[in-house]
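**Q** Predicted structure and sequence below. I'll ask about it afterward.
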Amino acid sequence: MKIMKVFLPVNIRIDDKKILFVGGGSIAMHKMQTVEQYARNITILAPRIDDKLKAKGFCEIRKEYEKTDLEGFFLVYACTNDLEVNRRIKKDAEELRVLVNVADNSELSDFISPAVFKLDEMTVAISSNGQNAKKSVEWRNRIKAMLQES
Ligand SMILES: C[C@@]1(CC(=O)O)c2cc3[nH]c(cc4nc(cc5[nH]c(cc(n2)[C@H]1CCC(=O)O)[C@@](C)(CC(=O)O)[C@@H]5CCC(=O)O)C(CC(=O)O)=C4CCC(=O)O)c(CCC(=O)O)c3CC(=O)O
Ligand SMILES: NC(=O)C1=CN([C@@H]2O[C@H](COP(=O)(O)OP(=O)(O)OC[C@H]3O[C@@H](n4cnc5c(N)ncnc54)[C@H](O)[C@@H]3O)[C@@H](O)[C@H]2O)C=CC1
């Protein structure tokens, strides 16, 4: 029998760590909106990077992914539109002990992204164990509205 995936909620320290996004399209942009509220040491690696991502001024590497690109990174988000490349990133990251999020497959991910509301030092982070992202967003929005009322 296949074991069900389980994700432990943790707050992981990243101020002294490097984060890599492989792929610079709409999903990378989407994830960046949360990550950039916490991290500055971000690198985007892709042959083509969307203008909106470029405007953020993070480090850019304009090339196709290869295994050595992972060296020195703590977290990697595999966000290319090539599912085979995303799987290769997963395999390489495992070998190099880099924690990986595979945008198209939470089953292959070491970590997933919760729905976040941040206000100064306070954070609310909602997850559905990767099973119902829409519901996570809905809960986050309700809690956010409630907090903004009070
Ligand atoms: C596993 C995970 C990815 C990961 O992190 O690995 C995942 C997977 C999937 N998302 C899907 C759909 C959508 N996801 C969003 C948006 C967000 N998704 C996020 C997280 C996660 N989504 C992780 C699990 C989190 C958890 O545990 O709950 C948020 C919270 C955070 C972030 O991405 O940064 C971010 C809100 C950002 C914000 O607002 O702040 C919207 C738009 C919306 O609702 O606004 C749609 C509807 C699109 C539409 O219907 O058009 C589907 C398709 C099936 C389905 O419809 O459910 C899958 C399944 C799959 O791809 O396997
Ligand atoms: N987790 C989620 O919530 C969702 C995830 N997805 C998945 O996210 C992935 C990305 O989708 P989009 O951002 O919309 O695609 P996109 O087409 O906007 O961007 C793709 C990016 O990948 C880059 N890329 C392609 N091949 C590469 C390689 N060999 N090395 C490095 N970079 C490479 C491109 O240059 C581009 O920057 C897809 O696999 C899709 O299935 C899609 C919807 C929801």
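**A** Right, received. Where do you want to start? Ligands and ions are numbered 1, 2, ... in the order given.
**Q** need the contact list for the residue lying closest to Gly130 once chain neighbours are set aside.
**A** Nearest non-adjacent residue to Gly130, counting by CB to CB, 6 or more residues apart in numbering: Ser106, 3.6 Å away. Every C-beta, even on glycine, is put in place using the N, C-alpha and C of the backbone. Taking CB atoms under 8 Å, 6 or more residues apart in numbering, we find Ser106 in contact with 5, 112, 130.
**Q** Counting by contacts, list what the longest helix anywhere in the chain packs against.
**A** Counting by DSSP state H, the longest helix found in the chain is helix 133-149. Contact here means 3 or more CB pairs under 8 Å, 6 or more residues apart in numbering; DSSP states H and E; on that basis helix 133-149 packs against strand 115-119, strand 122-126.
**Q** Drop anything exposed from the contacts of Ser106.
**A** Buried subset of the contacts of Ser106 (neighbour count, 16 or more other CB atoms under 10 Å): 112, 130.
**Q** Output the contacts of Ser106 in CSV, with distance to Met29 and pLDDT appended to each entry.
**A** Putting these into CSV (distance: CB to CB, whole Å; pLDDT from 0 to 100) gives the following:
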residue, distance to Met29, pLDDT
Lys5, 26, 93
Ile112, 18, 97
Gly130, 20, 95
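**Q** In helices, which of the contacts of Ser106 appear?
**A** Counting by DSSP H, the contacts of Ser106 contribute nothing to helices.
**Q** ok, the contacts of Ser106 vs ligand 2, which is closest?
**A** Checking the contacts of Ser106 against ligand 2 with CB to the nearest ligand atom, the nearest one is Ile112 at 8.4 Å.
**Q** Close to ligand 2: what parts of the chain are there?
**A** 22-28, 45-49, 64-65, 79-83, 85, 103-104 (CB under 6 Å from any ligand atom).
**Q** ok, how many other residues are close to Asp69?
**A** 18 (other CB atoms under 10 Å).
**Q** For the residue nearest to it when sequence neighbours are not counted, list the residues it contacts.
**A** Distances taken as CB to CB, 6+ apart place Leu45 nearest to Asp69, at 5.8 Å, with adjacent residues excluded. Residues near Leu45 by CB under 8 Å, 6+ apart: 20-24, 60-61, 63, 65, 69.
**Q** what about the helices in this structure?
**A** Using DSSP H, helices in the chain cover 26-35, 51-54, 83-96, 133-149.
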